[in-house]
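Peer 1: sequence first, then the predicted structure, then my questions.
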Amino acid sequence: METHPAFPGLDLLTADEAEALRDLFCACADLRHELRSANTQGHRVDQLLGNAERYGEGRSFTGHADALLELGTATVDYLNAVENLAWRHISACVVLATALLERLAHGTPEFPPDDLRQLTAEPTLSDLCAALSMPGAVLLPGSSDGLVRQFDRDREKLLIDVQFLGRASPKGALDWRVTEELEAASFGDMEP
């Protein structure tokens, strides 16, 4: 595989590993943009609804506000769907990228296709916690201390959030997938 200037070291991955990582990364990028768009749509509908209610107060005809209420419900449903898709792909990307970094750091053999497929699926919260618990010094050998410290700060923040989700679940455990429990937590305006 030829080296890409923006992604040094990509040539250390197999073609399948690089493709799996690229596929998840592109899905994450697109879903992040779509999540922002869905949030913006929700805010816009809220403003329109507020105006419609103000102008329609005390009037006999409420079709305008009723239509916007229905649009608001549809917007919330869409936002929830995008959040769940984003969660599934971002959490899988974290687990896959961590596994690839660990493989490279330890010089272990490439992942077989079935293992790669498993790594690209939505992980359980315990699998995600395990990936987020890997210290930067292990995953990024030979990297600068500053890079490792920043990596560890970001990783620890995410780990705290994931552990909170596990405690907030109705099952009270980390061995479940977020999208299996759509009612378990409300992500609101969460930005991945």
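Peer 2: Great, that's in hand.

Peer 1: show me where the protein has its strands.
Peer 2: Ranges of strands in the chain, per DSSP state E: none exist.

Peer 1: flag the shaky bits of it, pLDDT-wise.
Peer 2: 1-10, 168-176, 178-192 (pLDDT under 70).

Peer 1: where along it do the helices fall?
Peer 2: Shown for the chain, the helices assigned by DSSP state H span residues 15-56, 63-106, 113-119, 125-132, 136-139, 145-168.

Peer 1: deepest of those helices, which one?
Peer 2: Ranked by mean neighbour count, the helices of the chain are led by helix 125-132 with a mean of 20 (mean count of other C-beta atoms under 10 Å). Placement of C-beta: from N, CA and C, glycine included.

Peer 1: roughly how far out does it sit from the chain middle?
Peer 2: 13 Å (C-alpha atoms, centre = their mean, to the nearest Å).

Peer 1: please name every helix or strand in contact with it.
Peer 2: Applying 3 or more C-beta pairs under 8 Å, 6 or more residues apart in numbering; DSSP states H and E, one finds that helix 125-132 contacts helix 63-106, helix 145-168.

Peer 1: related to what we said a few turns ago, adding distance to residue 177, write the helices of the chain out as a markdown table.
Peer 2: Converted to a markdown table, the helices of the chain look like this (distance: least, C-beta to C-beta, whole Å):
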| stretch | distance to residue 177 |
| --- | --- |
| helix 15-56 | 16 |
| helix 63-106 | 8 |
| helix 113-119 | 13 |
| helix 125-132 | 8 |
| helix 136-139 | 24 |
| helix 145-168 | 11 |
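
Peer 1: against the centre of this structure, work out the most remote residue.
Peer 2: residue 60 (45.1 Å; C-alpha atoms, centre = their mean).
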